[in-house]
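Peer 1: dropping a prediction and its sequence here:
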2 protein chains.
Amino acid sequence: MTEERELTLEEQLAALEAERDEHLNDLKRVAAEFENYRKRVSRDQASLVARAHERLVKELLPVLDDLERALAAAEEHEEAKLEEGVRLVQRELKAALDREGLAEIETDGVFDPHVHEALLSQPSEAEEGSVLEVLQKGYKLGDRVLRPARVVVAAPQETGGG
Amino acid sequence: MTEERELTLEEQLAALEAERDEHLNDLKRVAAEFENYRKRVSRDQASLVARAHERLVKELLPVLDDLERALAAAEEHEEAKLEEGVRLVQRELKAALDREGLAEIETDGVFDPHVHEALLSQPSEAEEGSVLEVLQKGYKLGDRVLRPARVVVAAPQETGGG
């Protein structure tokens, strides 16, 4: 009985030792993988941003080309060609930015402080707070407001006794 | 003696068990941290790219504004204003892209297949392989060639008997 018990304890010891070593090895391995992953991530993030930029910058090269062509036309006093060129440039730039998710902020209707900035308020027949005029277009990129639309809004209607 | 030995084994067992449990807990904790880090990284990478883009797109908004102003001038047949506007747009776009690290590829001197693309070769007094004309400007972003400069190069001088 005692002998059997001692043997069991030794076996248990050996088994526990094996388990402990296995966990310790796993721990070291996972910790090393984690550390390598961390290092790789910080390298990757830099190149990810660089690659993303690269794509957008590359899309803008034809815009630069066409601008230069338009300016060459201007130097030759080819006004029609200049104007046509500028229209092309504007379409190209807009299209490149649209592909990035850029969208104009709508300004029909009522003033929305989340996407509009009121630079002036003017007396008007229109309902108080409606947008009367857009002074500078606003833009969103996805859900984020890159620049609010700068607008003139209708002032409150005058009420008696102020 | 036997009793002392048994006690020691039991103590050893308890100690080993504690060690094993500690390593297992550490392993579980590190694995969980690793997993969370992985998840965070994949979220971060998306927003990192989005933020990087956002900055560049934002810089391009004044370019869009000025293009639209130039086109408005064209509609009013204010040619001088149109031309001036286009020059401004070109400077702004160039400056925004310069800040991103965009640089024109140099084309003075000898043809370099790493940064030039020969579209034509022409007989010339110039040394074989020298760049005679640039058909389309090339650009680098940092060290990377975004687009090679497309050029005309000097053909080999004719030699007798061919």
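Peer 2: In hand now; what should we look at?
Peer 1: what bridges to the residue nearest to the spatial centre of chain A?
Peer 2: Nearest to the geometric centre of chain A sits A:Leu141, at 6.2 Å (CA atoms, centre = their mean). As for beta bridges, A:Leu141 partners with A:Leu102, A:Arg144 under DSSP bridges.
Peer 1: I'd like the next helix or strand past the lowest-mean-pLDDT helix or strand in chain A.
Peer 2: Least confident element among the helices and strands of chain A, by mean pLDDT, DSSP states H and E: helix A:2-75 (a mean of 87). Scanning forward in sequence from helix A:2-75 by DSSP states H and E, the next helix or strand is helix A:79-99.
Peer 1: ok and that next one relative to helix A:2-75, angle-wise?
Peer 2: 170 degrees (axes from the mean of the first three to the mean of the last three CA atoms, to 10 degrees).
Peer 1: right, is helix A:79-99 up against chain B?
Peer 2: Yes: contact between helix A:79-99 and chain B, assessed by CB under 8 Å from any CB of the partner chain, occurs at A:79, A:82-83, A:86-87, A:89-90, A:93-94, A:97. To be clear about C-beta, it is placed using only N, CA and C from the backbone, and glycine gets the same treatment.
Peer 1: cool, and stretch A:8-27?
Peer 2: Yes: judged by CB under 8 Å from any CB, stretch A:8-27 and chain B are in contact via A:9-10, A:12-13, A:16-17, A:19-20, A:23-24, A:26-27.
Peer 1: quick one, which of those are buried?
Peer 2: By neighbour count, with 16 or more other CB atoms under 10 Å in any protein chain shown, these hold A:9, A:12-13, A:16, A:19-20, A:23-24, A:26-27 as buried.
Peer 1: now the residue nearest to A:Leu56 when sequence neighbours are not counted: how far from A:Asp98?
Peer 2: In this structure, A:Leu56 finds its nearest non-sequential neighbour in B:Leu56, 6.0 Å apart by CB to CB, 6 or more residues apart in numbering or on different chains. According to CB to CB, to the nearest Å, B:Leu56 stands 15 Å off from A:Asp98.
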